[in-house]
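Visitor: need a structure here:
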Amino acid sequence: MQVVYPAPNRSLGTIDVLGIVGLIGLFVARFIPVAVWIPFWGCTFREWTGIPCPGCGLTRAADRFAHFNVLGALAANPLGTVAAAGFGLAAVASVVHLAFKVPLPELILSENEWRWVRWVAVSAFVVNYVFVILAHRLWHIA
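Guide: I've put the predicted structure just below:
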């Protein structure tokens with residue numbers, strides 16, 4: 001693994017785009033009650049099967065995280081909470097980068113390291129989905 005620091009710049013990169021998208025998403029989650037305003041909002045898969053889909057709880061997690069209720073967000077969807085936190089960190093990094101020309105480090109991974117990243121991501125997805133199913137079916141966490 002290599003970490004490369006470019007020269008100070010204000011050019012848009014991946015972290016900047018993720019930060020902008022995250023800032024918009026967290027703003028919407030904080031101030032606009034999407035699940036209330038859109039009449040068809042909900043999980044059709046869960047309505048038809050009784051089993052939550054892998055994305056069940058993402059709206060609640062984003063809403064709760066945007067309202068600084070981290071424990072409630074973790075109960076709704078742990079991986080969604082980690083993603084919301086990542087978007088928030090990317091937003092902060094993007095503001096610092098674009099406002100003060102602070103260079104953002106670039107991470108260069110080998111093929112073997114990317115393989116590990118993929119395995120960890122898939123494992124996290126599976127563990128999160130098992131949690132969402134158990135939380136919905138057994139513990140009735142909403």
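Visitor: counting contacts, what elements does the helix ranked longest in the chain pack onto?
Guide: Under DSSP state H, the helix in the chain containing the largest number of residues is helix 111-137. Contact partners of helix 111-137 among helices and strands, from 3 or more Cβ pairs under 8 Å, 6 or more residues apart in numbering; DSSP states H and E: helix 78-100. Heads up, the C-betas are built off the backbone N, CA and C, glycines and all.
Visitor: Can you name the element that comes right after the helix it packs on?
Guide: strand 106-108 (DSSP states H and E).
Visitor: In a helix, Pro6, correct?
Guide: No - looking at Pro6 with DSSP: H, G, I helix; E, B strand; the rest coil, it is coil, so not inside a helix.
Visitor: Pick out the residue closest to the middle of the protein.
Guide: Ala83 (1.8 Å; Cα atoms, centre = their mean).
Visitor: quick one: low-confidence ranges for the chain?
Guide: 140-142 (pLDDT under 70).
Visitor: before we move on, back to that, tell me which residues of the longest helix of the chain are tucked away?
Guide: Asn128, Tyr129, Phe131, Val132, Ala135, His136 (16 or more other Cβ atoms under 10 Å).
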